[in-house]
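Undergrad: The following comprises the amino acid sequence and a computationally predicted model.
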Amino acid sequence: MTLPTPLSTRRNFLKTTAATALLAGGFPLMSLAQEQAVNALKIPALDTGRLENGTRVYDLTMQKSTTEFYKGYQTPTFGLNGSYLGPTLRMKDGEPVRINVTNTLGEPSTLHWHGMHLPAKMDGGPHQIIRDGETWSPEFGVRQKAATLWYHAHLMGKTAEHVWHGLAGQVWIDDAESEALALPRSYGVDDIPLVLQDRNFTRSGDMPYTAGRRDMMMGLFGNTPLTNGTLAAYFDATTDKLRLRLHNASNASFYYLGFDNDQPFLQIASDGGLLETPVEMNRLLLGPAERGEIVVDLKAGQKITLRNFSNGQPFAFLEIRAADTLTASPAVPQKLAQIAWLDPKDAVKTRRFDMETRMGPGMMFGGGMHTINGKSMDINRIDETVQRDTTEIWEIRNVANMPHVWHMHDVQFQILNRNGKPPAANERARKDTVTLRGGEVVRLIMRFEDYADPDSPFMYHCHILEHEDAGMMGQFVVV
Ligand SMILES: [Cu+2]
């Protein structure tokens, strides 16, 4: 797999962005390529909830705080139950859950369950605003295959800023199928959440959200990698296999991930759950919001570094230090999961969506330069109406010459084809987010089940958060 040209052109934009950041006083405290891993990887707290009358209940408090990324510097940040990011919520397919989300930020926000199939009112999108001082308590049954999902702020026009400051975390779903598999599953030991981000810091240690016109156009890129909110992170491995839940939680960066020694790894899951069979690779491209679980083999005493190999952002996300004696792990099973493939013959409708970017002079901040089907997001407009219990094909065309990232709520879709060709082995999967390079077309198939509500829409949007905030979003209802 090679990086096609439209992604490579980002190098030029990145240089400009970095220059802009410097002019704005955004002098990095550390060099762009942080080679020295000096901080133990932070592992987010694991929250398995508590049982109340058969419902699994979680409490999340959105808070404003400071985080010491750099020694001696207190950086103002947002977090959930902590100063930056939030706990990993672990849920099980079939269980009823309630999440009490209390906002103490001093400003409104929302919390969206990215990748989850649930009623639109519980989705945490732009319509489910949590005002300062309020608690929002969505309640739903988990109807989900084992997967690495996530949660993040999703307030109209403020998603990028709130996520940048730290309102995000992972959700792990287990199901009977996944629990029967001999896969690493010991949280923080051989099964590791990896929330990958990039940020810019000023000399005073601040991490301001600084998106200007150009960043609304290109997306806001950071020059400093953070892994679970850890700068220059290392992890001490004690097992000869590690399962890494790779998660691009950046605002706008595409990560082309691999190890510095180019060793191969097995991808075992995509956004919405396990693949049918592991796929061996040595690079994995994740657009913003995409996830990929991999299993990597370690040799005793070995040091390897997980890096981004995209142009312009040579981030070292994690140095893995294998102990001199490693606990042996079972081989990764060849058969992972059953995927119920949807049949295009069952589709009752094909919809087309053009993701478009209008470049050039005169573009206005947030003024509709990124559109879907020529339209900018209008929270009072329903763009599409879908019948419950039907299968549809959604053809997404990126008619721009820059990458965009399609994400839709409510469903996990399957990729029928990309530019007329079958998807790569690791994209034969349940997915909720898909990267489209400039000019690409993907045909997606999905089934709308269980939940219908004519009054509460689900969102579809670009997951480059600056594009989303600039209006590259639409709404659909299931009736
Ligand atoms: Cu976009």
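TA: That came in fine, so what should we check first? Since the structure is predicted, the reported quantities are computational estimates derived from the model, not experimental observations. Numbers count the residues shown, from 1 in each chain.

Undergrad: Report the secondary structure state of the residue nearest the centre of the chain.
TA: By C-alpha atoms, centre = their mean, the chain has its centre lying nearest to A289, at 2.2 Å. Under DSSP: H, G, I helix; E, B strand; the rest coil, A289 falls in the coil class.

Undergrad: That one: what's it in contact with?
TA: H114, W150, N248, A249, V405, H407, D432, T433, H463 (C-beta atoms under 8 Å, 6 or more residues apart in numbering). Where you see a C-beta, it was placed from the backbone N, CA and C, and this is true even at glycine.

Undergrad: Pretty sure the last one sits against T433.
TA: Yes - taking contacts as C-beta atoms under 8 Å, H463 lies within contact range of T433: 5.7 Å.

Undergrad: who's more crowded, the two?
TA: H463 (27 against 22; other C-beta atoms under 10 Å).

Undergrad: contacting residues around R307?
TA: So R307 contacts L257, G258, F259, D260, P314, F315, A316, F317 (C-beta under 8 Å, 6+ apart).

Undergrad: The first one falls within a strand, correct?
TA: Yes - if the criterion is three-state DSSP, then L257 is within a strand.

Undergrad: give me the number of residues near it?
TA: 25.

Undergrad: In the stretch 51-200 of the chain, what residue spans correspond to strands?
TA: 55-67, 75-80, 88-92, 96-103, 112-114, 135-136, 139-141, 147-152, 168-174, 191-199 (DSSP state E, counting those that start in this stretch).

Undergrad: closest one to R381 among those?
TA: strand 112-114 (19.6 Å; C-beta to C-beta).

Undergrad: now the closest one, how far from the centre of its chain.
TA: 10 Å (C-alpha atoms, centre = their mean, to the nearest Å).

Undergrad: Adjacent strands (with direction) for that strand?
TA: Strand pairing for strand 112-114, using DSSP bridges, gives strand 147-152 (antiparallel).

Undergrad: buried set for the strand it pairs with?
TA: Under the neighbour-count criterion of 16 or more other C-beta atoms under 10 Å, strand 147-152 has A147, T148, L149, W150, Y151, H152 buried.

Undergrad: which residues does the first one bridge with?
TA: What it means is A147. I173.

Undergrad: wait, isn't it in contact with Q170?
TA: No - between A147 and Q170 there is no contact under C-beta under 8 Å: 10.2 Å.

Undergrad: near the ion, which residues of this protein?
TA: Along the chain, the residues adjacent to the ion under the rule C-beta under 5 Å from the ion are H404, C462, I464, H467.

Undergrad: show me what contacts the last one?
TA: Taking C-beta under 8 Å, 6+ apart as the definition of contact, the neighbours of H467 are M216, G219, A252, T357, H370, H404, H461.

Undergrad: 6 Å - rerun?
TA: H370 (C-beta atoms under 6 Å, 6 or more residues apart in numbering).

Undergrad: Wait, a strand at it?
TA: No - applying three-state DSSP, one finds H467 to be helix, outside a strand.

Undergrad: what's the closest non-adjacent residue to G141?
TA: Once flanking residues are discounted, G141 sits nearest to P96: 5.0 Å by C-beta to C-beta, 6 or more residues apart in numbering.

Undergrad: How many residues are close by that neighbour?
TA: 14.

Undergrad: mind checking how far it is from the ion?
TA: 35 Å (C-beta to the ion, to the nearest Å).

Undergrad: what would the residues of the chain next to the ion look like in TSV with secondary structure?
TA: Shown next, in TSV, are the residues of the chain next to the ion (three-state DSSP):
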residue	secondary structure
H404	strand
C462	strand
I464	coil
H467	helix
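
Undergrad: from these, which single one is nearest F448?
TA: So of those, ranked by how close each gets to F448 (C-beta to C-beta), first place is C462, at 21.2 Å.

Undergrad: What residues are bridge-paired with that closest one?
TA: W406.

Undergrad: Please list the outside residues in contact with stretch 59-67.
TA: 74-77, 79-81, 83-84, 100-105, 109.

Undergrad: okay if I get the buried residues of strand 147-152 as a markdown table plus pLDDT?
TA: Listed next are those as a markdown table, based on pLDDT from 0 to 100:
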| residue | pLDDT |
| --- | --- |
| A147 | 98 |
| T148 | 98 |
| L149 | 98 |
| W150 | 98 |
| Y151 | 98 |
| H152 | 98 |
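
Undergrad: can you list those residues in a markdown table and add distance to R381?
TA: Shown next, in a markdown table, are the buried residues of strand 147-152 (distance: C-beta to C-beta, whole Å):
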| residue | distance to R381 |
| --- | --- |
| A147 | 31 |
| T148 | 33 |
| L149 | 28 |
| W150 | 27 |
| Y151 | 26 |
| H152 | 24 |
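
Undergrad: Of those residues, which is the nearest to the ion?
TA: Nearest to the ion among those: H152, at 16.2 Å, using C-beta to the ion.

Undergrad: got a list of what that closest one touches?
TA: Counted by C-beta under 6 Å, 6+ apart, H152 has contacts V163, A168.

Undergrad: P457 versus that one, what's the distance?
TA: Applying C-beta to C-beta, to the nearest Å, the value for H152 to P457 is 18 Å.

Undergrad: One more: R388?
TA: Separation of R388 from P457 (C-beta to C-beta): 14 Å.

Undergrad: One more: W150?
TA: Taken as C-beta to C-beta, the span from W150 to P457 is 21 Å.

Undergrad: E468 against G474, yeah?
TA: No - applying C-beta atoms under 6 Å, one finds E468 not in contact with G474, separated by 10.8 Å.

Undergrad: which of the two has more neighbours?
TA: Legend: neighbour count by other C-beta under 10 Å for E468 and G474, higher for E468 (26 against 23).

Undergrad: ok, now how distant is the more buried one from Q74?
TA: Taking C-beta to C-beta as the measure, E468 falls 30 Å from Q74.

Undergrad: Which pLDDT value belongs to the residue in the stretch 151-300 of the chain positioned nearest to the ion?
TA: Residue nearest to the ion within the stretch 151-300 of the chain: G219 (7.2 Å; C-beta to the ion). On pLDDT, G219 comes in at 95.

Undergrad: Now it: closest residue in space that isn't a chain neighbour?
TA: Nearest residue to G219, sequence neighbours excluded (C-beta to C-beta, 6+ apart): A252, at 2.4 Å.
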